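>>> have a look at this prediction, sequence included:
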Amino acid sequence: MIDPLSYLEFMYLIKNAKGVITDSGGITEEATVLHIPCLTLRNSTERPETVTIGTNELIGNDLDKLSAFLKKIIDNKWKKGEVPQLWDGHTSERIVNSLLSIYAK
């Protein structure tokens, strides 16, 4: 049996990958934040901004599409992608400030 990776070990692998192929919704977020190309083997995602703004593409089960997008990754012709506006690492601060403003009332 293979030992599971810790979150930090897994993030290290994503950060140092040329690209990621996944069927998970969550990994698309990490790939987008790290500016790593991501191919999602699904027809939909809970995070459409990873496709419209980020570095993710939905492949479904289309092997021709997978091949074409892999070629783009290998040839360094992947879309630039941006990190969505509020994915800045300051979410907890915004939550605390909101709770403090409620408490102050």
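Done, it's in.

>>> could you list every helix and strand in contact with the strand or helix carrying Ser67?
Ser67 is located in helix 63-74, with elements delineated by DSSP states H and E. With contacts taken as 3 or more CB pairs under 8 Å, 6 or more residues apart in numbering; DSSP states H and E, helix 63-74 sits against strand 38-40. In short, each C-beta sits where N, CA and C put it, glycine included.

>>> tell me which strands the strand it packs on pairs with, and in which orientation.
Here strand 38-40 has these sheet partners by DSSP bridges: strand 20-22 (parallel), strand 56-58 (parallel).

>>> now those strands as CSV including mean pLDDT, mean neighbour count and distance to Leu66?
Compiled in CSV, the strands paired with strand 38-40 are given as follows (pLDDT from 0 to 100; neighbours: other CB atoms under 10 Å; distance: least, CB to CB, whole Å):
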stretch, mean pLDDT, mean neighbour count, distance to Leu66
strand 20-22, 97, 18, 8
strand 56-58, 97, 22, 10
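
>>> tabulate those (JSON lines), appending distance to Ser98.
Converted to JSON lines, those look like this (distance: least, CB to CB, whole Å):
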{"stretch": "strand 20-22", "distance to Ser98": "32"}
{"stretch": "strand 56-58", "distance to Ser98": "29"}
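
>>> ok, which of those comes nearest Leu13?
With CB to CB, the closest approach to Leu13 among those belongs to strand 20-22: 8.8 Å.

>>> quick one: residues in contact with that closest one.
Ile14, Ile27, Thr28, Ala31, Ile36, Pro37, Cys38, Leu39, Thr40, Leu41, Leu66 (CB atoms under 8 Å, 6 or more residues apart in numbering).

>>> which residues touch stretch 61-79?
Contact partners of stretch 61-79, identified using CB under 8 Å, 6+ apart, comprise Lys18, Gly19, Ile21, Pro37, Leu39, Leu41, Thr55, Glu57, Ile59.
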